[in-house]
Each structure stands twice: as C-alpha cells, then as structure tokens.
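[1] The sequence and its predicted three-dimensional model are supplied below.
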Amino acid sequence: MPTPPNSPQSVEAREAGLHRQLSSRQLSMIALGGAIGTGLFLGSAVSVRVAGPGVILSYGVGALIALALMWALAEMTVVHPVAGSFGVFAEIYLNPWAGFAVRYSYWFAQSVAIGSELVAVSIYCHYWAPGVPAWIWIVLFSAGMVFINALNVGNFGTIEYWFALMKVTTIFVFLVLGTALIFGIGYHPLGTHNYTAFGGFLPHGWTGVILGVAIAIFSYLGLEVVSVAAGEASHPEIAVPRAMRWALARLALFYIGGMAVLVGVMPWTQAGLSESPFVRVFQATGIPFAGAIMNFVVLTAALSSVNADLYLTTRMLFSLSRGGYAPEFLGKLNKNGVPLAALLISSVGMIVALILDLRFQESAFLYTLGASFFGGLFGWGMIFATHLAFRRSYAKRGESVPMRFAPPGPWSSLAGLLALIGVLISTWWIPGMKITILAGLPWLAFITLCYFLWKRTNRDRLSPELNGGQPPGRA
C-alpha cells in the first residue's frame, strides 16, 4: 500500500539529506540564542518607555502566550520533525497556501530581523569606537555569521551553544547583582522606590501594559527555532520536548526577572535607545569596567541571535525549495549538509540593515523591528491555527495525539490566536510600530497573489503534496 503523500514519512523523505547532529542541550541553547537578543537587551527600552514598571506584567502575559505556542508546536514537531517545521505543518493540516504564505512570510520577517540585530550590533560597538562608521561593523559581522552557518550543523550547534551560554550566565549575574542593589545586599539599598515613583507602577495605565505585550512577544520570537532545528536533531522525539520545556522556563525567568530588576534599579523614564539599559544597570553596581563587560555580552547576544535567525531562514528557504515552492537549486546541500545557496539568499537581511543604517541612522532599529514583526506574528498565529486543525484531525480518527502538551480541547490555542490578533492591532498605537500593519497587510496580499500565480504556472507539474494529495495534473 503506497504511503499517503502528506504522511510524516512522506514529508520527512521530501526534506531528507540534512545531517541529524544536534543534541538536546544544543537545541535548548539554540532556542535561547534565537530569542535572547535585542528584544531583551535593547528592545527592552521600548517596552519600558511604553509601559513603565508595568512592563513586568506585559512580559508575564507574553510568557503565557509563548507557553501556549510551545505546547502546540511541541505536539506537532514530535510527529513531524522536519526543517520546514510549522510551514510544513500548515501545508499538511490547513492547505498549500498556508504552507506557502507562512514560510515565505517568516523567511522574509526573520531576514529583516537579522538586519535589526546587526543595527543593534553597530550601536553596541559605538560604545568602544564612536568614530567608526556603523556600516563597517555590519559588513564585518555579517561575513562572520555567514561563515559560521556554512559549517556543518554540529559545529554550528557547538558555537551557538557557547554564544547562548555566555548570555545566560550574564543574565543570571545581572539578576543577582540587581537584586543585591534593590535590597541592599553589599550595597546601599535602592529599595522599591523606582517601582512607584515617576507616575506610579502603571504610569500609562493598563493601556501601557497591553501595548507592552507587543514588544514582549517580539522578545519571545525565536523560540520556534527549536522546531526548525528538529529536522537536524539526533533524537527529535526526546530532544525536542526537553529543549522546549527547558528553553521556555528559563526564557520566562530571564525576561520577567530581567524587567523587574531593570525598572527597580533604573528609573523607567531614563530608558532609551542610545545604549542598552542593561549596561546602565551594571554601571550602577560600581564594578570596574562593568559597563564595558556588559556591552561585550549584549554584543555577543545580538550576534548569537543573528546566528540562530540566519540558520532558521536558511532552513525555511530549503524547505520551500524541497516542497517545490522555490527554485530547485535552493534545496541542494553541500558536503557539510548545508543548503549553501539558501544561506546566501537568506543573507539579504544584512544588506537591508546596511541600507537602512546609511539612510535612516538612529531610526533604523525601530524601522526594521516593526517591519519584521508582522511576519513573526503571522507565523505564530498560523502555528495556533494549524494546531487546532492538527487536534481535529486526530479527533476525527478517534485517536489521541502521540505526545500531549496542551490541555484537552482547543482553548489554549484559540486563546493564543485571539491574543496575537489583539497584539497586532495594538501595534498601531506603539511609537515606531505602525509599520507592522502598514507593511504587513500589503505583504500578505502580495504573497497571496504570488501563490496563485505560482499555482497557475505550475499546475501541470504539482507534486501530490502541493496539490491536496492528488496526482499531478488533477485539481
């Protein structure tokens, strides 16, 4: 009996050839590497300005949405451990348009996000070398990140592990030192004055907290890279659930705890984009060279995020090619098991960063952040929508999902989907974030038009997977 075209076996065969060399601990650190970057170290300034001390609540709500997402993603990834991840899931359980749109949207969004991280890198380097033009840093670090991603996935995993471990260790030290400053352990106690001064705990009311959730979600974006990396995990059925639980728990602690320390040590009114708020806090401890040390750490954190995002975009483009949605040469692997052509094309975000920095200067970070946010929200929303269909498909067959993480019923994914729609709407009122809607909706219309043009052009040679399970040539 032939294998159903959209079965896990068929999907895995379509994306065969990638080397399964990533361990559970590497997957966990890759997830942290993708999520802990400018969203925490530099983007935190935006969320603090919007919500004040209430940003702690904003990141708490964001953590709950991320938890629901990881439940959904873990259940589907255990069944389909492929590099195309949620794009493939959408193709299987929703329709081919969904798989096409979410992968291209996410590829584009993360490519631009790479640009925002590199703009942040240039800001951090300005701390030591204010006279060096930002574009020089962007070019140098871009070349380095492309080189790392061109290595085999095992070497990539090792480098990203140490990148991520450095920032995890630093954030832990930051939490300890910040707590000591607030409660007077070895320092003159700052107390809780900064939590209620300057307009109270909610200086902008609950509206500020709600708007702060949008920046919080942007900070959590990147966790989903675990699902993409499952396509190269040595034992995905064991490594993926463990990595997702480990990464989310620590990420929530770092973000919520980090925000609590940040607004406790530094008046929220002083948060700005000229330098990382985390550098300001380390300087307040009085430790020699603390500012320079922390600046180095946030620099490596941003580079780690670039490294993970470049990996993610490369695999998304590889998956599109193997599914027939992109040119065939993008699905070819070199001797290291790396889709090199897809890697080079995915480096386009670095060029975008360079152009934006030269043209917009200080506004470049906010511009690229907003432009990339729609694709991330769309990707997360499609994960929730796909999970609802995934659960329904098992229920119709009278079966249970192989490994359940989310509570019974559709409620966690439905709540997550509605929350993301609310987050998208809220970006209209966040300074610098209107671009999320202004650029996102036209992009969705454009990518939908591209899909139907592609479908019409390729109707006679559609694979069964891309034609609803029908043989080629049949509607």
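    The structure has been received and is ready for your questions. Residues are numbered from 1 along each chain as shown.
[2] quick one: low-confidence parts of the stretch 151-300 of the chain?
    Residue ranges of the stretch 151-300 of the chain with pLDDT under 70: 272-280.
[3] So which residues of it form helices?
    Remark: helices assigned in the stretch 151-300 of the chain by DSSP state H, counting those that start in this stretch are 153-183, 193-196, 205-220, 225-229, 236-265, 277-284, 290-322.
[4] which parts of the second one are buried?
    Neighbour-count burial for helix 193-196, counted by 16 or more other C-beta atoms under 10 Å, picks out N194, Y195. Quick note: C-beta positions are derived from backbone N, CA and C, even for glycine.
[5] next one: the third one
    By 16+ other C-beta under 10 Å, the buried positions in helix 205-220 come out as 208-220.
[6] for the fourth one, same thing?
    In terms of neighbour count (16+ other C-beta under 10 Å), helix 225-229 has its buried residues at V225, V226, S227, V228, A229.
[7] Over to the longest one?
    When burial is assessed from 16+ other C-beta under 10 Å, helix 290-322 yields the following buried residues: 290-291, 294-322.
[8] Tell me the gap between stretch 244-257 and the middle of its chain.
    Stretch 244-257 sits 14 Å away from the centroid of its parent chain (C-alpha atoms, centre = their mean, to the nearest Å).
[9] separation between P410 and L32?
    29 Å (C-beta to C-beta, to the nearest Å).
[10] Which one of these two is surrounded by more residues?
    With other C-beta atoms under 10 Å as the criterion, P410 and L32 differ in neighbour count, and L32 comes out ahead with 33 against 17.
[11] Which element, helix or strand, includes the more buried one?
    Here L32, judged by DSSP states H and E, is contained in helix 24-35.
[12] Same question for S142.
    Counting by DSSP H and E, S142 is found in helix 134-150.
[13] If you count neighbours, what's buried in that helix?
    Of the residues in helix 134-150, those buried (16+ other C-beta under 10 Å) are A134, W137, I138, F141, S142, M145, V146, I148, N149, A150.
[14] Contact partners for the last one?
    The contact partners of A150, by C-beta atoms under 8 Å, 6 or more residues apart in numbering, come to N334, N336, V338, L340, L343.
[15] Specify which member of the residues you listed is nearest to G60.
    Distances from G60 to those, taken as C-beta to C-beta, are shortest for L343 (36.7 Å).
[16] hang on, isn't that closest one packed against F147?
    No. Using C-beta atoms under 8 Å, L343 makes no contact with F147, being 10.2 Å away.
[17] now the helices: where do they sit in the stretch 1-150 of the chain?
    All helices of the stretch 1-150 of the chain, identified by DSSP H, counting those that start in this stretch, fall at 8-14, 24-35, 38-41, 44-51, 55-79, 85-93, 96-125, 134-150.
[18] could you check the angle helix 236-265 makes with the fifth one?
    Orientation check (axes from the mean of the first three to the mean of the last three C-alpha atoms, to 10 degrees): helix 55-79 against helix 236-265 gives 170 degrees.
[19] Show the average pLDDT along helix 55-79.
    Helix 55-79 shows a mean pLDDT of 92.
[20] list the helices and strands it packs on?
    Judged by 3 or more C-beta pairs under 8 Å, 6 or more residues apart in numbering; DSSP states H and E, helix 55-79 is in contact with helix 44-51, helix 85-93, helix 205-220, helix 225-229, helix 236-265, helix 364-396, helix 411-426.
[21] Format the CA atom coordinates belonging to the fourth one as CSV.
    Looking back up the chat, that one is helix 225-229. Taking C-alpha atoms only, helix 225-229 is exported to CSV below (Å, rounded to 0.1, in the frame of the first residue of the first chain):
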residue,chain,number,x,y,z
VAL,A,225,13.7,27.8,16.0
VAL,A,226,13.7,24.6,18.2
SER,A,227,11.0,23.1,15.9
VAL,A,228,13.0,24.0,12.8
ALA,A,229,16.2,22.5,14.3
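[22] Quick one: residues in contact with it.
    By C-beta under 8 Å, 6+ apart, the surrounding residues in contact with helix 225-229 are 22, 27-28, 30-31, 33-35, 73-74, 76-77, 83-86, 240, 243-244, 247, 308-309, 311-312, 315-316.
[23] so V401 makes contact with S393?
    No. Using C-beta under 8 Å as the test, V401 is too far from S393 to be in contact (9.5 Å).
[24] Between the two, tell me which one has more neighbours.
    Between V401 and S393, V401 has the larger neighbour count (other C-beta under 10 Å), namely 17 against 13.
[25] Identify the residues contacting the more buried one.
    E75, V79, F390, R391, Y394.
[26] how close does L57 sit to A63?
    Relative to A63, L57 is positioned 11 Å away (C-beta to C-beta).
[27] Centroid-nearest residue for this protein?
    By C-alpha atoms, centre = their mean, the mean C-alpha position of the chain lies nearest to G222, the distance being 2.0 Å.
[28] That one is in contact with N307, isn't it?
    No. Under the criterion of C-beta under 8 Å, G222 makes no contact with N307, lying 11.2 Å away.
[29] what sits in contact with each of the two?
    Listed as contacting both G222 and N307 by C-beta under 8 Å, 6+ apart are G33.
[30] List the buried residues of the helix holding L32.
    Quick answer for helix 24-35 (16+ other C-beta under 10 Å): S24, Q26, L27, S28, M29, I30, A31, L32, G33, G34, A35.
[31] Tell me how many other residues surround Y104.
    Neighbour count of Y104, defined by other C-beta under 10 Å: 22.
[32] What sits closest to it if chain neighbours are left out?
    The shortest distance from Y104 to any non-neighbouring residue, by C-beta to C-beta, 6 or more residues apart in numbering, is to I447 (5.4 Å).
[33] Where does the prediction get shaky in the stretch 1-150 of the chain?
    1-12, 34, 37-43.
[34] redo that, cut-off 50
    1-2, 4-5 (pLDDT under 50).
[35] wait, what's in contact with the residue nearest to A247 when sequence neighbours are not counted?
    Nearest residue to A247, sequence neighbours excluded (C-beta to C-beta, 6+ apart): A31, at 3.6 Å. Residues in contact with A31 (C-beta under 8 Å, 6+ apart) are G222, L223, V225, V226, A243, M244, A247, L248, L251.
[36] Next up, the contacts around the closest residue to A83 other than its chain neighbours.
    Excluding its sequence neighbours, the residue lying closest to A83 (C-beta to C-beta, 6+ apart) is G231, at 3.2 Å. Residues counted as contacts of G231 (C-beta under 8 Å, 6+ apart) are E15, L18, P81, V82, A83, G84, S85, R315.
[37] can you redo the residues you listed as CSV with distance to S44?
    Listed next are those as CSV, based on distance: C-beta to C-beta, whole Å:
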residue, distance to S44
E15, 36
L18, 35
P81, 33
V82, 34
A83, 31
G84, 32
S85, 27
R315, 28
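[38] which of the contacts of A150 lies closest to G416?
    Nearest to G416 among the contacts of A150 is L343, at 31.4 Å by C-beta to C-beta.
[39] gap between the helix or strand hosting that closest one and the chain center?
    Assigned by DSSP H and E, L343 belongs to helix 340-346. Centroid separation for helix 340-346 versus its chain: 19 Å, with C-alpha atoms, centre = their mean.
[40] rewinding a little: show me the one of the helices and strands packed on helix 55-79 that comes nearest L438.
    Closest among the helices and strands packed on helix 55-79, using C-beta to C-beta: helix 364-396, at 8.7 Å.
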